[in-house]
Each structure stands twice: as structure tokens, then as C-alpha cells.
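K.L.:
Everything below, folded, please.
(one chain, ligands or ions: 1)
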Amino acid sequence: MAFTSTQLAATIDAVRAVMPLRAPADIEMSRFFREHPKLGAQDRAFVAEAVFGILRNKIQLDRLSGAQPTPRKLTLAWLAAVYGLNLRELTPYITESEQRWISEVKAAKSASAEIEELAELPSWIVGMLREDGLGDEQIIEMGRAFGSSGSLDLRVNTIKANREAVLERFSQDGIAHSPTPFSPHGIRLAGKPTINRHPLFQEGVIEVQDEGSQLLGLLLAPKRGEMIVDFCAGAGGKTLLLGMLMQSSGRLYAFDVSEKRLANLKPRLARSGLSNVHPQLISSENDPKIKRLSGKIDRVLVDAPCSGLGTLRRNPDLKFRQSPQSVAELNAKQLSILTSAARLPKVGGRLVYATCSILQVENQKVIESFLQSHPNFVVRDAGEALASSRVELNTGPFLQLNPKDHQCDGFFAAVLERVE
Ligand SMILES: C[S@@+](CC[C@H](N)C(=O)[O-])C[C@H]1O[C@@H](n2cnc3c(N)ncnc32)[C@H](O)[C@@H]1O
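P.N.:
Here you go, the predicted model:
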């Protein structure tokens with residue numbers, strides 16, 4: 001647990017840069033590291049762990065830091081109350097008054113019984129989860145599961161290799177791993193090696209993809225030769241899986257309104273070896289290009305823009321950057337995108353609506369509103385849909401994943417079928 005004055009100073013600077021939360025924490029951290037090129041690999045790892053640790057425990061650390069939680073106070077409180085340094089280890093780096101304060105922090109560490117602090121979730125999220133029917137114990141357990149850093153999951157690109165061969169190679173390379181419990185294409189790494197330097201990554205044999213995200217692709221279950229639309233493709237995490245499941249045949253449109261995200265898909269696509277993917281920039285969910293495909297598509301995935309609260313393990317800043325207002329705005333967008341995408345499937349075609357949110361208002365409630373105005377769609381059982389993709393996981397009519405029960409990010413998905 002030894003740490004250095006360089007690490008302490010760099011962490012305080014990084015907290016100062018990130019904490020206004022004007023931009024996503026991972027983007028602010030990348031910028032910080034670019035601006036501090038002299039920090040070595042160990043220092044960077046320490047600073048990243050500290051900043052994300054502070055974000056994960058910020059409600060408790062704000063209380064412990066008092067009325068003015070400065071970057072220095074937040075960092076010292078994290079080191080003492082969460083990272084577990086004792087006063088003797090901290091003494092060389094802090095003033096006498098800080099030594100007295102650290103003793104108070106240690107004593108006050110477990111003084112709160114507020115659910116917001118126990119779950120490390122702001123009160124508006126606690127309120128929404130209560131409205132969704134969760135009891136306080138469940139909210140605390142869920143909040144704690146979101147407080148871990150999460151594993152690094154990979155997907156094997158079966159166009160290029162099979163999972164057994166990759167598992168074997170990782171054993172030879174001394175990379176600790178296990179097959180993911182549900183996805184037949186996934187590998188979970190025990191640590192966080194810089195996998196993007198591994199030859200298998202550079203050759204497109206593996207991609208980084210959370211197991212939950214893999215399951216959403218398996219729920220859509222695209223077949224060889226079909227016409228598929230990934231309506232909100234972004235940088236293509238799910239597009240690449242869908243293209244692989246189609247064995248690079250048929251036609252897979254990757255729509256998105258963000259030119260930048262679609263540009264980020266290009267190098268991944270090149271690595272993947274897929275030749276069936278057609279990225280298409282759209283101006284909005286009502287772009288005229290979409291109309292031309294009306295009623296012609298076998299399967300459509302709507303991986304809707306959402307609060308992202310299911311990814312709090314990796315993006316703990318989201319609980320402070322989202323708000324009831326932003327969720328309400330997203331909500332209107334989600335229904336509008338789903339309504340537009342619903343023009344695409346053929347009769348008998350499948351439409352999967354998915355989010356990485358844990359809030360019913362972004363999930364079940366969107367489906368309820370959609371079905372009220374679309375009697376030509378019915379909900380199909382997600383467990384049965386997964387079983388046909390040879391995945392044994394039944395979470396009820398909808399797929400609902402969370403880190404506590406499934407050790408992956410939080411996801412929701414509904415399988416809809418156009419029946420007339
Ligand atoms: C959850 S992310 C998609 C992640 C992506 N499917 C993946 O697996 O990596 C949602 C995406 O929706 C896109 N988006 C936002 N508004 C949209 C709209 N009106 N039509 C289509 N895509 C939209 C965003 O640019 C963003 O890339």
C-alpha cells in the first residue's frame with residue numbers, strides 16, 4: 001500500500017480537474033494524463049484508482065470532508081477511510097492539523113445510517129428505485145454492487161477464432177481469465193491488463209465488451225443473410241457482435257446521429273474482418289433514409305441513449321451528472337426513437353429495445369407507452385429468446401441484468417415482435 005508524494009500531489013490535481021464534472025470522468029482523466037506525461041505507469045494506475053474511488057464513495061467522503069470538500073480533503077479522506085492507510089503511513093505527507101482531522105475522519109467513518117450514503121446513490125435515484133418497488137435493503141445491495149470497479153470482459157470474434165483457442169492462448173501468456181458464465185463468446189479477465197496491446201486484440205480476434213452487452217446481441221439473434229438495423233450503433237460495440245452472429249453475410253445497417261461515434265466504429269470494423277456492416281449517419285430518428293427501409297428489415301436493435309446508470313461501476317460520475325430533468329429528456333427521446341425504429345421490421349420481424357439503465361422509467365415504462373400506440377407489436381419472452389441462442393438465463397419477460405446478480409453491467413431489454 002506504499003504510496004509516494006508524487007502520487008498524492010498528482011491525485012489532488014486530478015481530483016481538481018475531474019470534480020467539477022463538466023465532462024465525463026474518463027475523458028477528463030485521459031486529458032489529465034496527456035497533460036502530465038511524466039507520470040509513470042504505476043503513478044497513473046494509482047491516480048486513476050483514487051479518482052474513481054473518490055467518485056464511487058463521494059457521498060460518504062463529502063460528509064467526512066465537512067462543509068468545504070476541497071480536492072486535498074477528498075483525497076486524504078479517501079486514503080484514510082476507503083483505501084485504508086493508517087495515520088502513521090499518512091503522517092509524512094500531512095500537516096499536524098490534518099493529522100488531528102484524519103483521526104476524526106477515521107472515527108466518523110461509519111457514523112451515517114442514511115440510505116444515500118450506504119448505497120452511495122443520490123436521493124433522486126434512491127427515490128426512483130423506491131418508486132420502482134425496491135426496498136431499502138435491495139437498494140443498498142444494488143448500490144454496493146455498483147460501487148465495485150467491475151471486471152474486464154472480452155468477446156471472441158468467432159469469424160477469426162474460437163473461444164477455446166483464445167482461452168488456451170491466455171493461459172500460455174499468463175493472463176488470468178475465465179469463460180463468462182452466460183455468453184458463449186465471452187472471456188472475463190481477473191485483472192485489467194492493457195489488452196489493446198495484445199496481438200489478439202490488434203488482429204481483431206478479441207474485442208472489449210461487457211457480458212451484458214453481448215447478451216443483448218444474442219437476444220436479437222440475427223441470422224445469416226438477414227437484413228438488420230442497429231439503430232443507435234455508436235462506436236459499434238453491439239454492431240460488431242451482430243455482424244459476427246450473421247457470419248459476415250446479409251446486410252447490417254449501423255445508424256447513428258453522431259459522426260464521431262461512427263468514425264470510432266471504422267477502425268474496429270477494419271480489425272473485425274466483417275464485410276456486411278454499412279455505417280449510416282442519420283440526422284435524427286426521423287431521417288428520410290429510414291423511411292426507405294420501412295417494413296423490409298428482419299431484426300432491429302434500438303440500443304437507446306439513456307442515463308447509463310447501469311454502468312456506474314465504470315462511470316461512477318454519471319450518478320452526479322444525470323438528474324431527474326436529464327432522465328425526463330432522455331425519456332422523450334427513447335420513445336421517439338423506438339417509435340421511428342418500429343417502422344422498419346417486416347411482419348414477423350423482431351425489434352429489441354435496450355438500455356444500460358436500471359430505472360423502470362427508461363425501461364418498462366417506455367415499452368408500456370409504446371405498446372399503447374402500437375397494437376401491431378407484442379412482447380416475446382426474453383428468457384425463451386436467449387434459450388434459442390443457447391443461453392440459459394431467465395430474468396422474466398424482460399432481460400434485466402445487474403452487477404449484484406449477474407456480475408455484469410446493468411442492462412434492460414425487451415423483445416418485441418411485429419405481428420401485423
Ligand atoms: C447506448 S449508446 C449506443 C451504444 C452502442 N450501441 C454500443 O453497443 O456500443 C446510444 C447511441 O444512440 C445515439 N443516438 C442518440 N440519438 C439518436 C437518434 N435520434 N437516432 C439514432 N441514434 C441516436 C448516440 O449517439 C449513441 O451513440
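
K.L.:
tell me the phi and psi of M19?
P.N.:
In terms of degrees, to the nearest 10, the main-chain angles of M19 are phi -60, psi -30.

K.L.:
Let me see the contact set for the residue lying closest to it once chain neighbours are set aside.
P.N.:
Leaving aside its chain neighbours, M19 sits nearest to P71 (6.4 Å; criterion: Cβ to Cβ, 6 or more residues apart in numbering). Where you see a C-beta, it was placed from the backbone N, CA and C, and this is true even at glycine. Residues near P71 by Cβ atoms under 8 Å, 6 or more residues apart in numbering: 12-13, 15-16, 19.

K.L.:
Now do the same contact list for V126.
P.N.:
Shown in contact with V126 (Cβ under 8 Å, 6+ apart): 115-116, 119, 139.

K.L.:
For G234, grab the count of nearby residues.
P.N.:
Neighbourhood size, G234 [other Cβ atoms under 10 Å]: 20.

K.L.:
number of nearby residues for G349?
P.N.:
Neighbours around G349, by other Cβ under 10 Å: 21.

K.L.:
Distance of it relative to the ligand?
P.N.:
Separation of G349 from the ligand (Cβ to the nearest ligand atom, to the nearest Å): 19 Å.

K.L.:
likewise Q364?
P.N.:
To the ligand, Q364 is 18 Å away according to Cβ to the nearest ligand atom.

K.L.:
Name the nearest residue to that residue, ignoring sequence neighbours.
P.N.:
Nearest to Q364 is F398, by Cβ to Cβ, 6+ apart, at 6.8 Å.

K.L.:
Likewise for F46?
P.N.:
Closest to F46 by Cβ to Cβ, 6+ apart is Q7, at 4.7 Å.

K.L.:
What of E285?
P.N.:
Nearest residue to E285, sequence neighbours excluded (Cβ to Cβ, 6+ apart): S340, at 4.0 Å.

K.L.:
I'd say the one you found and N286 touch.
P.N.:
Yes. Counting by Cβ atoms under 8 Å, S340 does reach N286; the two are 5.7 Å apart.

K.L.:
ok, back up a step: tell me which of the contacts of V126 fall in helices.
P.N.:
If you go by DSSP state H, these have 115-116, 119, 139 in helices.

K.L.:
mind putting the residues you listed in JSON lines, distance to the ligand included?
P.N.:
Output for the ones in helices among the contacts of V126, formatted as JSON lines (distance: Cβ to the nearest ligand atom, whole Å):
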{"residue": "I115", "distance to the ligand": "28"}
{"residue": "E116", "distance to the ligand": "27"}
{"residue": "A119", "distance to the ligand": "24"}
{"residue": "I139", "distance to the ligand": "24"}
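
K.L.:
most surrounded residue in the residues you listed?
P.N.:
Using other Cβ under 10 Å as the neighbour test, the ones in helices among the contacts of V126 are led by A119, with 24 neighbours.

K.L.:
Does that one touch E137 like I think?
P.N.:
No. Here A119 lies out of contact with E137, judged by Cβ under 8 Å, at a distance of 10.0 Å.

K.L.:
Domain boundaries for the chain, per the record?
P.N.:
Following automatic domain parsing, one gets these domains for the chain: 5-112, 211-418.

K.L.:
quick one on the thing from earlier: please say which of S340 and N286 ends up with more neighbours.
P.N.:
With neighbours defined as other Cβ under 10 Å, S340 and N286 compare such that S340 has more, 18 against 13.

K.L.:
which residues sit in contact with that one?
P.N.:
285-286, 290 are the contacts of S340 under Cβ under 8 Å, 6+ apart.

K.L.:
what does D256 give?
P.N.:
By Cβ under 8 Å, 6+ apart, the contact set of D256 is 232-234, 262, 279, 281-282.

K.L.:
try 10 Å this time
P.N.:
230-236, 239, 262, 265, 279-282, 303, 305 (Cβ atoms under 10 Å, 6 or more residues apart in numbering).

K.L.:
Can you tell me which of those are buried?
P.N.:
Buried members of the contacts of D256, scored by 16 or more other Cβ atoms under 10 Å, are 230-236, 239, 262, 265, 279-280, 282, 303, 305.

K.L.:
The residues you listed also near the ligand: which ones?
P.N.:
For the ligand, the contacts drawn from the buried ones among the contacts of D256 by Cβ under 6 Å from any ligand atom are 231-236, 282, 303, 305.

K.L.:
Of those, which belong to strands?
P.N.:
In this view, those that belong to strands under DSSP state E are D303.

K.L.:
For the ones next to the ligand among the buried ones among the contacts of D256, could you give me a markdown table that also reports pLDDT?
P.N.:
Formatted as a markdown table, these follow (pLDDT from 0 to 100):
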| residue | pLDDT |
| --- | --- |
| F231 | 98 |
| C232 | 98 |
| A233 | 98 |
| G234 | 98 |
| A235 | 97 |
| G236 | 97 |
| I282 | 98 |
| D303 | 98 |
| P305 | 98 |
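
K.L.:
now, among the ones next to the ligand among the buried ones among the contacts of D256, which is nearest to L252?
P.N.:
For those, the residue nearest L252 by Cβ to Cβ is A233; the value is 9.1 Å.

K.L.:
Skip the chain neighbours and tell me the closest residue to the closest one.
P.N.:
Per Cβ to Cβ, 6+ apart, closest to A233 is A254, 3.6 Å.

K.L.:
Would you point out which residue is most central in this protein?
P.N.:
T311 (3.5 Å; Cα atoms, centre = their mean).

K.L.:
Provide a list of residues in contact with that residue.
P.N.:
Counting by Cβ under 10 Å, 6+ apart, T311 has contacts 146, 150, 210, 212-213, 318, 356-358, 403, 409-411.

K.L.:
Around the ligand, which positions in the chain sit nearby?
P.N.:
Counting by Cβ under 6 Å from any ligand atom, the chain sits next to the ligand at 213, 231-238, 255-258, 261, 282, 284-285, 303, 305, 337.
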